[in-house]
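In: Sequence unavailable; structure follows:
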């Protein structure tokens, strides 16, 4: 919101939330009724074309958002180094409101202006008029209106909402109060109404003008420079007729310069061009791709997880616990993502963060959890992971964290496979097991004397059982084969603390993957479930308590956090991610993979020392 919100700040349909699209129902009903009542050949299909056009604009905007976030994560040609936080994502979540507004106005205008009917596909004079009117009245009026918005009275009541985003994204371009959008639409309607009333308009000139506005808006608010210098060398006057992302970025960082809409000519005329514009443009173009010191390697989980990536829907990425009804409507596209990711065989960057002087990136292997569980694609998956490791080695990465869930044991023996293949690796492979164990141990309530261990016996499970037995805490298991496997890992002295239980009476359960819902329902009232796997258990018992999966709260100095893992809340990070960061910060020159386990107490103390904090126990 603006610092002192003025009248008409909120959108009229704000109370409707995600169901705001119901405002289109009257228009759809009217169009459908007209088709039914009118005879064949009399139906005006333009009514039905407006809605697909709005959908095209939304998809177009989302493509810009995804490309911009991917490019910014890589660091190549980045303009501003400051980070984006959850607050900005929340503020910009209603970027589709202006498209809805445009759709309603287009519908009403088409219904009430007879001249807008039966437009030809193309008219050259209409295209010329549209171009001249935009370069003249629209750009000129926008420039002075924009300067007026920076007067303290209007700025505090309206425009400060837009400028809350110092680091811009494509969607930042349309994040304005409702009143501002009304004025902007009035300006942009000058060429459109003029060509309609003078009967020089055409389908191409109207739709092309709207798409031109969308392209320029999105491009100008990217946080990376994409306009090649050669373009201005070929046609020097172009610098007065087309802005660049770095040009408009300076407006968001300096505030009192570079007011123009898309054509900087008026900033040159009225002396408001920022003196550093050319220097920032050239510096951004020359900026190389960043080389991180730590990389977290992960993969997609459920099919819908593509929408929770930073590259996907920003709002969903910042609110992973929120289930949206419209995701059901997107299943055709969701299903296609499975095919696309199957074809695409390389990892890709989705996230870049800074913690102190440490550069950290998150890379995604384009495979879903279910594919890891199958036997036949494992060789191909291992090849992708191997290529990612070698690529990281070339880029100078010091630590690569294998956050590949618990399938890593069957898939590549928790990374040991790659150490055997490439014994001369300079980077360190870390599977995060030691920090997982540390967090689980410190999540057990004080005074606990006995726990029940359930789920698949992994490297983490064995380490937890061994440490608890060393601390004289009884570890119970329900099945004889698990009991015998655990006994083989314990010394004679510790075996007395291992119990083959015949009941479910324990009040603290340590649970991994592979335990059943039937077992969960047998837990007594008040039982606390503490997971040691990346996925949280499904909550079946209302009278029991469920701790989070192993995770910690990140320090405020950990920058550029504006998305979260699907099952964790904001500013909370799974310890599989944190483990690699700690290895990078501490400079530990050791592998933590295969059967190797790093010192549990040492990594726990390191996490606290660097500002990571444990989660509170459930109420």
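Out: Perfect, I can see it now. Keep in mind it's a predicted model, so treat the numbers as computed, not measured. Residues are numbered from 1 along each chain as shown.
In: Now do the same for the residue nearest the centre of the chain: helix, strand or coil?
Out: The chain has residue 310 as the residue nearest its centroid, 1.6 Å off, counting by C-alpha atoms, centre = their mean. Here residue 310 is coil, with the state taken from DSSP: H, G, I helix; E, B strand; the rest coil.
In: Excluding sequence neighbours, find me the nearest residue to it.
Out: Nearest residue to residue 310 in three dimensions, chain neighbours excluded: residue 563, at 4.8 Å (C-beta to C-beta, 6 or more residues apart in numbering). The way it works is simple: take the backbone N, C-alpha and C, and place the C-beta from them, glycine included.
In: Test my guess that the one you found contacts residue 307.
Out: No. Here residue 563 lies out of contact with residue 307, judged by C-beta atoms under 8 Å, at a distance of 11.0 Å.
In: Could you check which of these two is surrounded by more residues?
Out: residue 563 (27 against 20; other C-beta atoms under 10 Å).
In: residues contacting that one?
Out: Applying C-beta atoms under 8 Å, 6 or more residues apart in numbering, we find residue 563 in contact with 89, 308-310, 314, 317-318, 351.
In: chain center to the strand or helix carrying residue 340: distance?
Out: Element membership for residue 340 (DSSP states H and E) is helix 331-343. Here helix 331-343 shows a centroid-to-chain-centroid distance of 18 Å under the convention C-alpha atoms, centre = their mean, to the nearest Å.
In: what does stretch 36-53 give?
Out: In terms of C-alpha atoms, centre = their mean, the centre of stretch 36-53 is found 38 Å from the chain centre.
In: Which positions in it come out as buried?
Out: The neighbour-count check on stretch 36-53 (16 or more other C-beta atoms under 10 Å) flags 46-47, 50-51, 53 as buried.
In: Remind me what the helix or strand of the chain with the lowest mean pLDDT packs against, helices and strands.
Out: Taking mean pLDDT, DSSP states H and E as the measure, helix 408-412 is the helix or strand of the chain with the lowest mean score, a mean of 77. Judged by 3 or more C-beta pairs under 8 Å, 6 or more residues apart in numbering; DSSP states H and E, helix 408-412 is in contact with helix 378-394.
In: following the helix it packs on, which helix or strand comes up?
Out: Next helix or strand after helix 378-394 toward the C-terminus (DSSP H and E): strand 399-402.
In: any low-confidence regions in this structure?
Out: Low-confidence segments of the chain (pLDDT under 70): 39-43, 323, 404-408, 617-619.
In: Outside of stretch 247-261 itself, list whatever touches it.
Out: If you take C-beta under 8 Å, 6+ apart as the criterion, stretch 247-261 is touched by 79-80, 138-139, 142-143, 146-147, 150, 163, 165-168, 220-221, 223, 243, 264, 266-267, 272-274, 276-277, 280-281.
In: What subset of the residues you listed is buried?
Out: Neighbour counting with 16+ other C-beta under 10 Å marks 79-80, 138-139, 142-143, 146, 163, 165, 167-168, 220-221, 223, 243, 264, 266-267, 272-274, 277, 280-281 as buried within the contacts of stretch 247-261.
In: quick one on the thing from earlier: in helices, which of the contacts of stretch 247-261 fall?
Out: 139, 142-143, 146-147, 220, 266-267, 277, 280-281 (DSSP state H).
In: any idea how far residue 277 is from residue 362?
Out: 33 Å (C-beta to C-beta, to the nearest Å).
In: count of residues packed around the closest residue to residue 355 other than its chain neighbours?
Out: Distances taken as C-beta to C-beta, 6+ apart put residue 558 closest to residue 355, at 4.9 Å, once the chain neighbours are dropped. Residue 558: 22 surrounding residues under other C-beta under 10 Å.
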